[in-house]
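Asker: Sequence first, then the predicted structure:
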Amino acid sequence: MVNPKDIDFYSLGFNFVETKTMFVSDFKDGKWDEGKLVPFGNIEISPAACVLNYGQGIFEGMKALRAKSGEITLFKPNENGKRFNQSAKRMLMPKYDIDKFIEAIKNVVKANEDYIPPYDSGGALYIRPMLFGNGPMLGVASAKEFKLIIFTAPVGPYFPEGFNGIDLEISKKYTRAAPGGTGSTKTICNYAGTMLPAKEAKSRGFAQILYLDAVNLEFIEEVGAANFFGLINGKLATPRKTGTILEGITRESILELALKKLGIEVEERDISYKELFDESCTEAFCSGTAAVITPIASVSLEGKEKIFNNKAPGEITTKLYEILTGIQRLEIEDEFGWIVKV
Ligand code: PLP
Ligand code: COI
């Protein structure tokens, strides 16, 4: 455990920093135990555990923020609880009661309160709920025993660029998810396969890959840990829910904010990557719990580059960022009832 006094909260990136306490609950003989807070630490696991051999695991990503008043906020935790259970269902794992999920989140946050970055640092306490099959299996089938863990880590921006734009490479070599697969599920299986593409893209100077659909290699899907938005012909467009993109909670919130707070028309539709290179696409950004709203400075494909707004954050991107983070930090009225105080 790192002493919170030794953490420089003002220069955090998105890296693991150990905190004091985690929540653990076990599923055995067909039911969940009560669950408890324990010191953060290693766990014992069978080498035959289903998660280690066949990847039967899911996770969520949430943040606790410190408001100016000192209050601690969560953003739409009920939505994370619902998605956790949808992911569990797809991966043939037991669901977890959503009220208990939120209660456990609150308790872990309270126990690690000293690790919540101060208001003016812009950082957050990242919350990582995870559920995996830890029962031993040899044939490919669901484990019978499962473990739920919720741990936390203080974080800064997901992309080191922060609210400065990132350069993305559109890939025609790699895809992230295929129809009928697990792309819309927050399963651990979707992430390991994106590491090599990301490493290759980084070696060419890009922050990440912008993935296309696996069938046509034509339509924008997402960034792999964040959803995509483009301002095209003055409308805010985002890829429709095809079952292959992760249906982001930030994505849903941005659609609502754009429509109701900025009066911008929104579209959930197929977006050809070619539209991004057209001058009708004037701004682009990606969204997620970790990524918040990260402006996209440029997209490139096979040597062709499109630069947005001279690489500076666009006007609508900036407005949406200010409104979203303003609500999350209790500076703008939460008229949608999105905030839960810890
Ligand atoms: N896409 C992927 C693959 C993700 O892992 C995430 C992060 O959770 C997102 C998009 C954004 O989702 P959310 O806004 O719910 O954090
Ligand atoms: C999040 O935004 O919370 C995520 O889960 C993305 C993650 C893979 C860092």
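Answerer: Received, thanks. Treat the numbers as computed from the prediction; the structure is a model and nothing was measured. Ligands and ions are numbered 1, 2, ... in the order given.
Asker: show me the residues around the closest residue to Ala67 other than its chain neighbours that make contact.
Answerer: Excluding the flanking residues, the one nearest Ala67 by C-beta to C-beta, 6 or more residues apart in numbering is Leu330, at 4.0 Å. Every residue, glycine included, has its C-beta placed from N, CA and C. Listed by C-beta atoms under 8 Å, 6 or more residues apart in numbering, the contact set of Leu330 reads Ala67, Lys68, Ser69, Glu71, Thr73, Ile339.
Asker: Correct me if wrong, but Leu330 is in a strand.
Answerer: No. When the secondary structure is assigned by DSSP: H, G, I helix; E, B strand; the rest coil, Leu330 falls in coil instead of a strand.
Asker: Pop out the phi and psi values for the closest residue to Gly122 other than its chain neighbours.
Answerer: Of all residues not flanking Gly122 in the chain, Gly156 sits nearest, at 7.1 Å (C-beta to C-beta, 6+ apart). Gly156 adopts backbone torsions of phi -110, psi -150, taken as degrees, to the nearest 10.
Asker: same question, the one 10 residues further on
Answerer: Dihedral angles of Ile166 (phi, psi; degrees, to the nearest 10) stand at phi -110, psi 150.
Asker: For burial, what's the neighbour tally of the nearest residue to it once chain neighbours are set aside?
Answerer: For Ile166, ignoring the flanking residues on the chain, the nearest one in space by C-beta to C-beta, 6+ apart is Ala207 at 3.8 Å. When neighbours are defined as other C-beta atoms under 10 Å, Ala207 has 22 of them.
Asker: Pop the domain breakdown of the chain in here.
Answerer: Domain ranges of the chain: 4-155, 166-328, per automatic domain parsing.
Asker: Reformat the ones you listed as JSON lines; add distance to Glu335.
Answerer: Converted to JSON lines, the domains of the chain look like this (distance: least, C-beta to C-beta, whole Å):
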{"stretch": "domain 4-155", "distance to Glu335": "14"}
{"stretch": "domain 166-328", "distance to Glu335": "8"}
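Asker: which residues touch the closest residue to ligand 2 within the stretch 1-150 of the chain?
Answerer: In the stretch 1-150 of the chain, the residue found nearest to ligand 2 is Gly61; the distance is 1.9 Å by C-beta to the nearest ligand atom. Under the criterion of C-beta under 8 Å, 6+ apart, the neighbours of Gly61 are Asn80, Tyr126, Ile127, Arg128, Lys186, Gly288, Thr289, Ala290.
Asker: quick one: the third one and ligand 1, what's the gap?
Answerer: The span separating Ile127 from ligand 1 equals 11 Å under the rule C-beta to the nearest ligand atom, to the nearest Å.
Asker: Need the pLDDT of that residue.
Answerer: As predicted, Ile127 sits at a pLDDT of 98.
Asker: rewinding a little: neighbour-wise, which one of the contacts of Leu330 leads?
Answerer: When neighbours are taken as other C-beta under 10 Å, the top entry among the contacts of Leu330 is Thr73 (23 neighbours).
Asker: tell me the secondary structure for it?
Answerer: Thr73 ends up strand, using three-state DSSP.
Asker: Pull up the residues of the chain that are close to ligand 2.
Answerer: Gly61, Ala225, Gly288, Thr289, Ala290 (C-beta under 6 Å from any ligand atom).
Asker: Now do the same for the third one: its pLDDT.
Answerer: Read it as Gly288. 97.
Asker: Find the residue closest to it in space, skipping its chain neighbours.
Answerer: Going by C-beta to C-beta, 6+ apart, Gly288 has Ala226 as its nearest residue, at 3.8 Å.
Asker: Please consider this matter closed, and thank you.
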